[in-house]
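S.K.: sequence-free structure coming up:
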């Protein structure tokens, strides 16, 4: 039957297309209308370079734009609007590399202990999802989840998805499609008025826990494939 489809002697039904798409982890739209052989997978191909809206000080040095928790919802709609971005708090930090653009996000919830709610995480802009390094922590601006701060594992080459893991073992990992990510910021520093308590370390995952999580995620990928 597949040979008949390839030769043009028969056309698959919609249900068959869905089955083929599920097996190959592609959407029906990508399967029918996108030249995968020539252009590569949509989720994996290099996206257009994103033009960031940044704020400059009087000496034309980039400010670090601060996105408070209460402004998170507005940021999803206004991050490309210069007027909106200018209204957000701006500041500088010493000892950060000069060859990157930074943004600060206020953390909510306790999924990334020992960082407590209200901690400000400063991230360096990452241009492409393919540049995500598995096991590192990132702030992701996403279409479905909003703004999230997680430890990210990059499985774009395998199934076009990213796995998001919390450092607090009370929260289960989950996955999101790579194409849902609007912005990526690799965590470089944090600001907190709460000093970490050594007793809190047992609330965060250890390297052994992470290794076990990775093994479970790989098993899940192979099982679903």
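M.R.: Arrived safely. What you are looking at is a predicted structure, and each value in this text was computed from that prediction instead of being measured. Numbers count the residues shown, from 1 in each chain.
S.K.: any idea how far the spatially most central residue of the chain is from residue 31?
M.R.: What sits nearest the mean C-alpha location of the chain, by Cα atoms, centre = their mean, is residue 140, with 3.9 Å. For residue 140, the distance to residue 31 (Cβ to Cβ, to the nearest Å) stands at 27 Å. To be clear about C-beta, it is placed using only N, CA and C from the backbone, and glycine gets the same treatment.
S.K.: show me the contact partners of the helix or strand containing the residue nearest to the centre of the chain.
M.R.: Per DSSP states H and E, residue 140 falls inside strand 137-142. Residues from elsewhere that reach strand 137-142 (Cβ atoms under 8 Å, 6 or more residues apart in numbering): 75-76, 79, 103, 105, 112, 121, 123, 126, 132, 147-152, 162, 164, 176, 180-187.
S.K.: strands of the protein, start to end?
M.R.: Ranges of strands in the chain, per DSSP state E, are 64-67, 90-91, 102-106, 120-126, 137-142, 146-155, 161-165, 174-177, 181-191.
S.K.: state the mean pLDDT of the first one.
M.R.: Taken as a whole, strand 64-67 carries a mean pLDDT of 94.
S.K.: quick one: low-confidence parts of this protein?
M.R.: 29, 39-51, 196-211, 213, 218-225 (pLDDT under 70).
S.K.: where do the helices sit along it?
M.R.: Counting by DSSP state H, the chain has these helices, from start to end: 2-7, 14-24, 28-33, 36-39, 72-78, 82-87, 156-159, 207-224.
S.K.: does anything pack onto the fifth one? Which helices or strands?
M.R.: To tie it back to what came earlier, the one meant is helix 72-78. helix 82-87, strand 146-155 (3 or more Cβ pairs under 8 Å, 6 or more residues apart in numbering; DSSP states H and E).
S.K.: what residues sit buried inside the last one?
M.R.: This points to strand 146-155. Using 16 or more other Cβ atoms under 10 Å as the test for burial, strand 146-155 gives 147, 148, 149, 150, 151, 152, 153, 154, 155.
S.K.: again, but for stretch 155-171
M.R.: Those buried within stretch 155-171 under the rule 16+ other Cβ under 10 Å are 155-156, 159-169, 171.
S.K.: what lies in contact with stretch 9-22?
M.R.: 1, 4, 5, 27, 28, 30, 31, 32.
S.K.: contacts only, for the second one.
M.R.: By that I understand residue 4. residue 10.
S.K.: any idea how far it lies from residue 11?
M.R.: Residue 4 is 9 Å from residue 11, by Cβ to Cβ.
S.K.: alright, that wraps it up for me.
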